[in-house]
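Peer 1: got a structure for you, letters missing:
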C-alpha cells in the first residue's frame, strides 16, 4: 500500500483547497478553510526546515466560540480528522470568545501561532505535553510560561451547561480529560500545533503565514 504524503512542492492554493475538500471523518465538522490554509502554509515551511517531523497537525481556531469544538487533529497522510474537541483559552484572553493574546509571562493569556510539540510529563494536571513556540515575540515564551497541552475538568459539555461557557486556563490549550492521554500520544514528539485567530498584528509579524 502506498501512503500519500503532501510535499512542500505541492503547496499552492488549489492544492490546499483540494486537501481540504478531501478531509473526511465519520462525525466531525471541518475547520474553516481560512484557518486550514494558514495552518498548512506554516506546516509546509516548518516541515521543509526539519522543525516538525510528523505529518500530523493540530489546528485550534480561537475565532470560534469556546462553547463549540474548535480543535482538530488532522492526519495529513490520510486526510483524516483524528480528533475534534473542545479546547480552552487563557482566562485573560476573553470570556466565551477569545480577543486578546500575549506572549508575556504571568499574562494568563493564550498566544497565537505555530508550535512544535515536545516531551510528555506528569504534572499537576496529570499527563501533559510541553510546547515550544516557534515565532519570536509571538509565542516563543511558551516553554518558560509552562504553556502546555493538558486535560482539565473545566473543558467539558457539563461545565458549559452549568456555567454558560467553557472554563478557562492560565494560557494553556487545555482539553477534555477523557481524551488527553490518547491525543497527547498522537501529537507528541515534533508535530505541529497552530493556534489561529484573524489578527492583523499576528499576520504582520509572522514569518510563517502570508
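Peer 2: Structure's in. What do you need? Not measured: the values here are computed from a predicted model.

Peer 1: C-alpha from now on. contacts and neighbour counts both.
Peer 2: Fine.

Peer 1: Can you tell me the closest non-neighbouring residue to residue 94?
Peer 2: Ranked by C-alpha to C-alpha, 6 or more residues apart in numbering and with sequence neighbours excluded, the top spatial neighbour of residue 94 is residue 100, at 6.6 Å.

Peer 1: Toward the C-terminus, what is the element adjacent to the lowest-mean-pLDDT helix or strand in the chain?
Peer 2: Every helix and strand of the chain was ranked by mean pLDDT, DSSP states H and E. The lowest is helix 13-22, at a mean of 81. Counting by DSSP states H and E, the next helix or strand C-terminal to helix 13-22 is helix 33-48.

Peer 1: which SS state does residue 104 fall under?
Peer 2: In three-state terms, and counting by DSSP: H, G, I helix; E, B strand; the rest coil, residue 104 is coil.

Peer 1: counting contacts, what elements does the longest strand anywhere in the chain pack onto?
Peer 2: Secondary structure assigned by DSSP state E gives strand 113-123 as the longest strand of the chain. Helices and strands touching strand 113-123, by 3 or more C-alpha pairs under 8 Å, 6 or more residues apart in numbering; DSSP states H and E, are strand 126-133, strand 192-196.

Peer 1: Sheet-wise, list the partners of that strand with their directions.
Peer 2: strand 126-133 (antiparallel), strand 192-196 (antiparallel) (DSSP bridges).

Peer 1: Tell me which of the ones you listed sits most buried.
Peer 2: Sort the strands paired with strand 113-123 by mean neighbour count, taking mean count of other C-alpha atoms under 10 Å, and strand 192-196 sits at the top with a mean of 25.

Peer 1: how about low-confidence regions in the chain?
Peer 2: Across the chain, the stretches falling below the confidence threshold (pLDDT under 70) are 1-14, 25-26.

Peer 1: Repeat the analysis, applying 80 as the threshold.
Peer 2: 1-14, 24-27 (pLDDT under 80).

Peer 1: Mind listing what's buried along stretch 63-81?
Peer 2: Neighbour-count burial for stretch 63-81, counted by 16 or more other C-alpha atoms under 10 Å, picks out 63-76, 78-81.

Peer 1: Now do the end-to-end distance for that stretch.
Peer 2: One end of stretch 63-81 to the other measures 20 Å (C-alpha to C-alpha, to the nearest Å).

Peer 1: ok, now stretch 170-188?
Peer 2: OK, stretch 170-188 end separation, C-alpha to C-alpha: 21 Å.

Peer 1: What is the distance between it and the centre of its chain?
Peer 2: Mean-position distance between stretch 170-188 and its chain equals 10 Å (C-alpha atoms, centre = their mean, to the nearest Å).

Peer 1: what's next to that stretch, contact-wise?
Peer 2: With C-alpha atoms under 8 Å, 6 or more residues apart in numbering as the test, stretch 170-188 has contacts from 56-58, 83, 85-92, 107-111, 117-120, 127-129, 146-156.

Peer 1: can you check stretch 129-144 too?
Peer 2: By C-alpha under 8 Å, 6+ apart, stretch 129-144 touches 102-105, 111-121, 146-150, 184, 188, 202, 205-207.
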